[in-house]
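Novice: Quick one, fold the following:
(one chain, ligands or ions: 1)
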Amino acid sequence: MKESCGVFGVYYPGSKASFLTFDGLFTLQHRGQESAGMAVSDGQTITVFKEMGLVSNVFNETILTTLEGFLSIGHTRYSTTGSSTWANAQPAYRPMGHVGFALAHNGNLTNTDELAQKVGMMPGMVTSDSDVLAELISKSDKFSQKDQSRALESAVLEVIDAVKGAFSLVLMDAYRLIGIRDPNGLRPLCLGAFFNDESKVEQGWVISSESAALNVVGAKFIREISPGEVVVIDETGVKSYFPFTQKTKETLCIFEFVYFSRPDSILYDSEVHGCRRRMGELLAKEHPVQADMVMGVPDSGIPAAEGFAKYSGIAYGQGLVKNRYIGRTFIYPTQEQRAQNVRRKLSPLTENISGKRLVVVDDSFVRGTTSSALIKMLREAGAREVHMRFSSPPFKWPCYYGIDIPTKEELLAANVEIDEIASIIGADSVGFLSLESLILAIGAINKQYCSGCLTGVYPSKVPVKLDDSSSTNGINKKDAVIEAIPKQFEKI
Ligand code: AMP
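Specialist: Residues are numbered from 1 along each chain as shown. Sure thing, here's the model as predicted:
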């Protein structure tokens, strides 16, 4: 049940919220390609439409026109192979008489079993952590009280403190939009607003996983939603609550910067593309090599390759074309299928490559499938040398907060020595950006991050024992997070 998804919500009186949500989800497509869905309210009735597939396949103009209303939430889902079913597509919906609600979730809960037990769901009934969350909220007695006009808001504020793990959520009843970010702020979530030309007064509001989607719908970025914050939006404007007893400690997922977020999104006040270029510059500084051309693995390796070329002075060039119409290679169940899909996705530009010593920059190294397949392909196309460089440290630990990173057994770097990797994947040399440089590249002074997948140090209790050196019963290895406090942003 690991999933990292895209969530989007609109409260905009007078608008056709379904069309805005479509554009928002379309922009967040990279966060999940398994299913897409939205719930729309006209102030009285909530209609939910969800289906397996890409946003552009699930929705068309006729469907969007039918989904009438000024209030909407939407979801794009990314999951592991087994849990990719229609029933798990979101938004999740609970009828609750005339105060029904819909919920969309990005993240992964770490106490799903405990919550399921609490609401009386038998293990066999639990198909997703998001469904357990919807059930938990629906069980609140606020829905049976006389005045139900604020039932959802009150229910959320009552139960949310019991929820642990990663959750950036959007919820709605027929009248209001709610956004919630977990106390660690593990997944991003931001607030935007619509203004009309004449006035500076907000006409409507947007909540989105990433700021890139705000620009696309014509809204302006207002701010990131704070860790531990619940934002309620209705005709009175925006209200903000901090209902968690757990002290908030922002530890945004470092992988959002490395791979997951769009390059044009703003995280921790910086555009992600710039962070990736700086990663490449620092990578060149840490792992220099004599070569004729620097190339990136499309798409996420490109900005770091630009940075590598700039710092090293080696010419930047394109060595691969990417087939735009292909989905994810990453979650195919067998190694053979994954390798075949890399070949489907990427093809060499033979003339550009032939006879050259190449530096090939990719964003991350997980199982090693992409690099092994690529190196073979580049050598067949005539490359003289292939030096792999990665703009993050190698993955050694699973993620419990929503990124689909395989089990430790499948993580190559967790099972071999780093200096064995070059010969295993067939490279002339390999270099990984250090964690310190990665943090420096992100450049947010006095911020903290979750780098659990790289270090095995998680910002909260995780549900399984990590290894022999960790403490028992699911207590994390060290009850601390990596502190990212570069003294000052080093000039490179
Ligand atoms: P691997 O081929 O297993 O070493 O995985 C690394 C490659 O997959 C890189 O090219 C990344 O851009 C991409 N990647 C890394 N993590 C993920 C993920 N969670 N989902 C999809 N792609 C990923």
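Novice: low-confidence ranges in the stretch 251-400 of the chain?
Specialist: Scanning the stretch 251-400 of the chain for pLDDT under 70 picks out 327-333.
Novice: ok, now with 80
Specialist: Applying pLDDT under 80 to the stretch 251-400 of the chain picks out residues 326-335, 337-338.
Novice: what's the answer for the stretch 1-150 of the chain, then?
Specialist: Filtered on pLDDT under 80, the stretch 1-150 of the chain yields the residue ranges 1-4, 79-84, 97-99, 123-124.
Novice: residue ranges for the strands of it, please.
Specialist: Using DSSP state E, counting those that start in this stretch, the strands of the stretch 1-150 of the chain run over 6-11, 35-41, 46-52, 71-77, 92-94, 101-106.
Novice: Then the stretch 351-492 of the chain?
Specialist: Taking DSSP E, counting those that start in this stretch, the strands of the stretch 351-492 of the chain run over residues 357-362, 385-390, 429-432, 447-450, 483-484.
Novice: re earlier: using TSV, please lay out the strands of the stretch 1-150 of the chain together with mean neighbour count and distance to residue 394.
Specialist: (Each C-beta comes from the backbone N, C-alpha and C, glycine too.) Converted to TSV, the strands of the stretch 1-150 of the chain look like this (neighbours: other CB atoms under 10 Å; distance: least, CB to CB, whole Å):
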stretch	mean neighbour count	distance to residue 394
strand 6-11	32	27
strand 35-41	28	31
strand 46-52	18	33
strand 71-77	31	27
strand 92-94	21	36
strand 101-106	29	25
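Novice: In a markdown table, list those strands along with distance to the ligand.
Specialist: Below are the strands of the stretch 1-150 of the chain laid out as a markdown table (distance: least, CB to the nearest ligand atom, whole Å):
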| stretch | distance to the ligand |
| --- | --- |
| strand 6-11 | 14 |
| strand 35-41 | 16 |
| strand 46-52 | 18 |
| strand 71-77 | 13 |
| strand 92-94 | 23 |
| strand 101-106 | 14 |
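Novice: for the ones you listed, which one sits closest to residue 418?
Specialist: strand 101-106 (32.2 Å; CB to CB).
Novice: quick one: strands adjacent to the closest one?
Specialist: Using DSSP bridges, the strands paired with strand 101-106 are strand 92-94 (antiparallel), strand 168-172 (antiparallel).
Novice: what would those strands look like in CSV with distance to residue 345?
Specialist: Output for the strands paired with strand 101-106, formatted as CSV (distance: least, CB to CB, whole Å):
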stretch, distance to residue 345
strand 92-94, 32
strand 168-172, 28
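Novice: I'd like to know the average pLDDT value across stretch 455-463.
Specialist: Stretch 455-463 comes out with an average pLDDT of 85.
Novice: Looking at the strands paired with strand 101-106, which is nearest to residue 435?
Specialist: Between the strands paired with strand 101-106, strand 168-172 lies closest to residue 435; by CB to CB that is 24.2 Å.
Novice: Counting by contacts, list what the longest helix belonging to the chain packs against.
Specialist: Using DSSP state H, we find that the single longest helix of the chain is helix 272-286. Contacts defined by 3 or more CB pairs under 8 Å, 6 or more residues apart in numbering; DSSP states H and E place helix 272-286 against helix 302-312, strand 385-390, helix 435-442.
Novice: Apply 6 Å and report the result again.
Specialist: For helix 272-286, the helices and strands in contact under the criterion 3 or more CB pairs under 6 Å, 6 or more residues apart in numbering; DSSP states H and E are helix 302-312, helix 435-442.
Novice: Quick check: buried residues in the last one?
Specialist: Meaning helix 435-442. Neighbour counts using 16 or more other CB atoms under 10 Å place 435, 437-442 of helix 435-442 among the buried residues.
Novice: One more: the first one?
Specialist: Along helix 302-312, these residues count as buried under the neighbour rule (16+ other CB under 10 Å): 302-312.
Novice: Show me the strands in the stretch 151-300 of the chain, by range?
Specialist: Under DSSP E, counting those that start in this stretch, the stretch 151-300 of the chain gives strands at 168-172, 177-181, 190-195, 202-208, 220-224, 230-234, 237-241, 251-253, 266-267, 270-271, 293-296.
Novice: Kindly compare burial across those and name the winner.
Specialist: Among the strands of the stretch 151-300 of the chain, ranked by average contacts under mean count of other CB atoms under 10 Å, first place goes to strand 168-172 (a mean of 28).
Novice: residues making contact with that one?
Specialist: 7, 9, 71, 73, 101-107, 178-181, 187, 189, 207 (CB atoms under 6 Å, 6 or more residues apart in numbering).
Novice: Just give me the neighbour total for the closest residue to residue 369 other than its chain neighbours.
Specialist: Leaving aside its sequence neighbours, residue 369 sits nearest to residue 338 (CB to CB, 6 or more residues apart in numbering; 4.6 Å). Residue 338 has 18 neighbouring residues, counting by other CB atoms under 10 Å.
Novice: name the helices or strands packed onto the helix or strand hosting residue 338?
Specialist: Assigned by DSSP states H and E, residue 338 belongs to helix 335-345. Judged by 3+ CB pairs under 6 Å, 6+ apart, helix 335-345 is in contact with helix 369-380.
Novice: list the helices and strands the helix it packs on packs on?
Specialist: helix 335-345, strand 385-390, helix 421-425.
Novice: Can you pull the domain assignment for this structure?
Specialist: Under the assignment automatic domain parsing, the domains of the chain span 6-249, 274-443+480-489.
Novice: what's the closest of those domains to residue 262?
Specialist: Closest of the domains of the chain to residue 262 is domain 6-249, at 4.4 Å (criterion: CB to CB).
Novice: can you give me the end-to-end distance of the closest one?
Specialist: End-to-end distance for domain 6-249, by CA to CA, to the nearest Å: 22 Å.
Novice: Over to stretch 76-95?
Specialist: Termini of stretch 76-95 sit 22 Å apart (CA to CA).
Novice: Now do the buried residues in that stretch.
Specialist: Within stretch 76-95, the residues that count as buried by 16+ other CB under 10 Å are 76-79, 83-84, 88-94.
Novice: quick one: contacts of that stretch?
Specialist: Outside stretch 76-95, the residues that touch it by CB under 6 Å, 6+ apart are 1-6, 25, 28-29, 31-32, 34-37, 39, 48, 50, 52, 73, 75, 101-104, 127-128, 130-131, 134, 138, 331, 333, 404.
Novice: Tell me how far the longest helix of the chain lies from the chain's centre.
Specialist: Relative to the chain's own centre, helix 272-286 is displaced by 20 Å; criterion: CA atoms, centre = their mean, to the nearest Å.
Novice: now could you export just the CA positions of that helix as CSV?
Specialist: Taking C-alpha atoms only, helix 272-286 is exported to CSV below (Å, rounded to 0.1, in the frame of the first residue of the first chain):
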residue,chain,number,x,y,z
VAL,A,272,13.2,22.5,-8.0
HIS,A,273,15.0,22.9,-11.3
GLY,A,274,17.6,25.2,-9.8
CYS,A,275,18.2,22.7,-6.9
ARG,A,276,18.8,19.9,-9.4
ARG,A,277,21.3,22.0,-11.4
ARG,A,278,23.2,22.8,-8.2
MET,A,279,23.2,19.0,-7.4
GLY,A,280,24.9,18.5,-10.8
GLU,A,281,27.5,21.2,-10.1
LEU,A,282,28.4,19.7,-6.7
LEU,A,283,28.4,16.2,-8.3
ALA,A,284,31.1,17.4,-10.8
LYS,A,285,33.0,18.9,-7.9
GLU,A,286,32.9,15.7,-5.9
